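Trainee: A predicted structure for the sequence below; I have some questions about it.
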Amino acid sequence: MPWVTNEQPPSGTPVPRHRPVWIFPAIVAVVLLLAGGTVAFVLRDRWMPGGGDASPTAGPAGTGNPIVPAHTDTAPAPTTAAPATAAPTTAAAPTLPASVGAVRLDPSLDPARAPAVAAVFDKYYAAVNARDAGAALNVMDPGGSINQGDTNAVKRFSDGISTSTDDDILLLALGSDPTGHGSLQARVTFRSQQQAGKGPKGRESETCTRWDVTYSLTQPGGEYRIWGSTSASSRPC
C-alpha cells in the first residue's frame with residue numbers, strides 16, 4: 001500500500017508529489033527478469049544440439065534434422081579426354097599379279113619373289129622374239145652355261161634363236177637349286193615356233209614345239225640372272 005500523509009500544504013503552495021517507494025524495486029526486478037531471459041535464451045541457443053556459432057539450417061516442420069542440400073555450387077573437376085591414338089598401320093601383304101609382261105604366273109607362286117623372276121624371263125623371251133641375241137645375253141649370268149667371252153658360243157646361241165618365236169609362257173614353279181649353279185630354280189613352260197631344220201635335236205624338221213624347261217637363277221647384286229637350263233623336255237605341238 002502507498003504511504004499517504006494527512007498534512008495539507010499551505011494554500012497556494014504546490015503540493016509535491018511523492019513517488020511510491022515500491023516502484024524502484026519493481027523496475028529493478030523487471031530489468032533483472034529481462035536480463036535473465038536474454039541470458040537464458042543465449043545459453044539455450046548455444047548449448048542445445050545443433051547450436052553454435054554456425055547458422056542452423058532450417059528443416060521441415062516437426063523434425064530436428066537439417067535439410068541436406070541436393071547439390072552444391074562447387075564446380076565439378078574438369079575431365080581430360082584421353083589423347084587419340086592412331087591405329088597401328090600394317091604393311092599390306094604382297095599380292096601375286098596374273099602376269100608380268102608376256103609371262104603368266106601360276107597362282108601357287110610366292111608373291112614376294114615370283115614377280116621379279118617373271119620380269120627376267122619377260123625380258124629374255126622378248127629379246128628372243130626380237131632375234132636380239134645381245135639383249136638376251138644381257139639378262140643371263142656371264143659365268144653361266146653360255147660363255148659370253150667365247151665368240152663361237154655366242155654365235156651358236158644367236159643362230160639357235162634366229163627363227164624362233166616364243167609365246168604362251170608360264171612361270172610354273174620356284175624352288176631351291178640343288179645343282180649349286182644358282183640360288184633359285186624356275187620351271188617355265190612355253191611354245192616355240194621355228195623354221196624347219198631349227199627344231200629340237202632329233203626332230204629338227206619340227207616347226208612347233210612345247211617346252212618344259214627348268215632354269216637355274218643367280219642373284220648377283222640383288223637382281224636375278226639366268227644361269228642357263230639344267231633340264232628340259234619337249235613335245236610337238
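Mentor: Arrived safely.
Trainee: pLDDT weak spots in this protein?
Mentor: 1-90 (pLDDT under 70).
Trainee: at 80 what do you get?
Mentor: Under the criterion pLDDT under 80, the flagged ranges of the chain are 1-93.
Trainee: which residues in it form helices?
Mentor: Here the chain has its helices, by DSSP state H, at 23-47, 114-129, 133-138, 151-160.
Trainee: quick one: residue 128 and residue 161 touch, right?
Mentor: Yes: with contact defined as Cβ atoms under 8 Å, residue 128 reaches residue 161; the gap is 4.8 Å. Any C-beta I mention is one placed from the backbone N, CA and C, and that applies to glycine too.
Trainee: list residues touching both of those two?
Mentor: residue 136 (Cβ atoms under 8 Å, 6 or more residues apart in numbering).
Trainee: pull out the buried residues from stretch 204-212.
Mentor: Across stretch 204-212, burial judged by 16 or more other Cβ atoms under 10 Å covers 206-207, 209, 211.
Trainee: what does stretch 119-127 give?
Mentor: 119-127.
Trainee: go on, stretch 93-102?
Mentor: Buried, per 16+ other Cβ under 10 Å, within stretch 93-102: 100, 102.
Trainee: need the residues that contact it.
Mentor: 104-105, 107, 109, 111-112, 114-115, 118-119, 122-123, 125-126, 167, 169.
Trainee: at 7 Å what do you get?
Mentor: Here stretch 93-102 makes contact (Cβ atoms under 7 Å, 6 or more residues apart in numbering) with 104-105, 107, 109, 111-112, 114-115, 118-119, 122, 125-126, 169.
Trainee: can you check stretch 199-211 too?
Mentor: 189-197, 232, 234-237.
Trainee: now for residue 144, how many residues are close by?
Mentor: 20 (other Cβ atoms under 10 Å).
Trainee: distance of the residue lying closest to it once chain neighbours are set aside from residue 143?
Mentor: Closest residue in space to residue 144, ignoring its immediate chain neighbours: residue 227 at 4.0 Å, by Cβ to Cβ, 6 or more residues apart in numbering. Applying Cβ to Cβ, to the nearest Å, the value for residue 227 to residue 143 is 8 Å.
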